[in-house]
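In: I'd like to go over a predicted model; first the sequence, then the structure.
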Amino acid sequence: MNQEIKGSRIILREQREDDVPFFAYWFNQPKVMFQCGFEKPTTEEEVKTCITVNHKSKDSVWFTITDLDGNIIGETGLLRMFPAWHQTDLTIIIPDPEMQHKGYGTEAIRIMLDLAFHTYKMHRVSIGVVGLNTDALEFYKKIGFKQEGILEEAYYYNNEYSDFIMMRILSQEWQ
């Protein structure tokens, strides 16, 4: 799928090999590793495989998020798409703190939810969030996600356990 979706402040475009250095750098930052659940450092070769192979699976759609000038901001995707049950999981990361709290994530998620509910005819979109990542939990609640479950102490990072919070939004809750 070679797709580009232009929003008012961002562009979601197909991921490319030249995105690898950006993601390899950020995916090795300790805070990003914690937020994403990466248990070990990531090599450029592993990121390249993700972009060129793993993210091309039939049950997912991935985008690199850029600003209107083409500068990379992050990535987002729908994964584990299961049309028979009309459900999918959402993922998003804007790893650079300088790019957070500027509305890019909100716009990206709005585009992705429109895609999930209207283009792919999903009924339910889920996201899992590390319980210690309270900023993310508040962000997803603001978007309209509801907490539906807690996997107690299911996440382990830096010698510390955290709950893993499952959240979801249903098609009728999204306007």
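Out: Looks like it arrived, so ask away. Computed from a predicted structure; not experimentally measured.
In: ok, now which ones touch Gly149?
Out: Ile165, Met166 (CB atoms under 8 Å, 6 or more residues apart in numbering). (Glycine included, C-beta is placed from N, CA and C.)
In: quick one: contacts of the lowest-mean-pLDDT helix or strand in the chain?
Out: Scoring the helices and strands of the chain by mean pLDDT, DSSP states H and E places helix 30-36 at the bottom, with a mean of 80. Residues outside helix 30-36 that contact it (CB under 8 Å, 6+ apart) are 26-27, 38-39, 41, 93, 95, 97, 130, 132-133, 136, 157-158.
In: out of the residues you listed, which end up buried?
Out: Trp26, Phe27, Ile93, Pro95, Val130, Leu132, Asn133, Ala136, Tyr157 (16 or more other CB atoms under 10 Å).
In: so among those, where is pLDDT lowest?
Out: Within those, Tyr157 has the lowest pLDDT, namely 80.
In: how close does the residue lying closest to it once chain neighbours are set aside sit to Asn159?
Out: Counting by CB to CB, 6 or more residues apart in numbering, Tyr157 lies nearest to Phe34, which is 5.2 Å off, once chain neighbours are set aside. Between Phe34 and Asn159 the computed distance is 12 Å (CB to CB, to the nearest Å).
In: and for Asn71?
Out: From Asn71 over to Asn159 the distance is 36 Å, taken as CB to CB.
In: quick one: which of those two has more around it?
Out: Asn71 (10 against 5; other CB atoms under 10 Å).
In: what distance do you get for the more buried one to Asp96?
Out: Relative to Asp96, and taking CB to CB, Asn71 is found at 10 Å.
In: how about Ser126, phi and psi?
Out: phi -110, psi 160 (degrees, to the nearest 10).
In: tell me where the model's unsure across this protein.
Out: 1-2 (pLDDT under 70).
In: can you show me the helices along it?
Out: In the chain, the helices defined using DSSP state H lie at 20-26, 30-36, 44-52, 104-114, 134-143.
In: a markdown table please, covering the ones you listed and showing distance to Ile165.
Out: Formatted as a markdown table, the helices of the chain follow (distance: least, CB to CB, whole Å):
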| stretch | distance to Ile165 |
| --- | --- |
| helix 20-26 | 23 |
| helix 30-36 | 13 |
| helix 44-52 | 24 |
| helix 104-114 | 16 |
| helix 134-143 | 6 |
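In: which of those helices sits closest to Leu78?
Out: Of all the helices of the chain, it is helix 104-114 that lies closest to Leu78, at 6.5 Å by CB to CB.
In: buried residues in the closest one, which are they?
Out: Tyr104, Gly105, Glu107, Ala108, Ile109, Ile111, Met112, Leu113.
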